[in-house]
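J.: 3D model of this:
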Amino acid sequence: MAPSTPKGSDPSPDLLVELVEILDAHGLAGDSYQLHDAVDVDALEQLLASSTGDVEIRLTVEGVQLVITHDGVDVLLDESNGAPDQ
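T.: Numbering: from 1, shown residues only. Okay, the predicted model is just below:
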């Protein structure tokens with residue numbers, strides 16, 4: 001996993017932007033998916049904000065497996081060949 005930029009105390013626009021940037025960096029053009037159909041970013045933010053311990057949320061958007069934590073968004077890679085899991 002490649003680390004991403006840590007989040008501040010107000011992740012609102014940052015989480016959405018980071019998700020879009022990560023998906024774009026892994027070959028998904030913005031017009032090839034509807035992020036709001038795949039994930040409720042507001043709910044993710046609320047879950048992260050309300051947790052007092054370590055939280056790790058995993059989801060897949062158009063074949064790109066993501067893990068979201070308080071530290072940011074990372075892509076899970078298939079360890080056998082270094083490519084994103086499909």
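J.: buried stuff in the longest helix seen in the chain?
T.: The single longest helix within the chain, with elements called by DSSP state H, is helix 12-25. By neighbour count on 16 or more other CB atoms under 10 Å, the buried set for helix 12-25 is 14, 15, 16, 18, 19, 20, 22, 23. Quick note: C-beta positions are derived from backbone N, CA and C, even for glycine.
J.: How about stretch 55-65?
T.: For stretch 55-65, by 16+ other CB under 10 Å, it's 61, 64, 65.
J.: For the first one, which non-adjacent residue is spatially closest?
T.: So that's residue 61. Closest residue to residue 61 apart from its sequence neighbours, by CB to CB, 6 or more residues apart in numbering: residue 38 at 4.6 Å.
J.: Tell me the spacing between that neighbour and residue 65.
T.: 12 Å (CB to CB, to the nearest Å).
J.: now residue 32
T.: 17 Å.
J.: wait, what's in contact with residue 66?
T.: For residue 66, the contact set (CB atoms under 8 Å, 6 or more residues apart in numbering) comprises 19, 22, 58, 59, 60, 73, 74, 75, 76.
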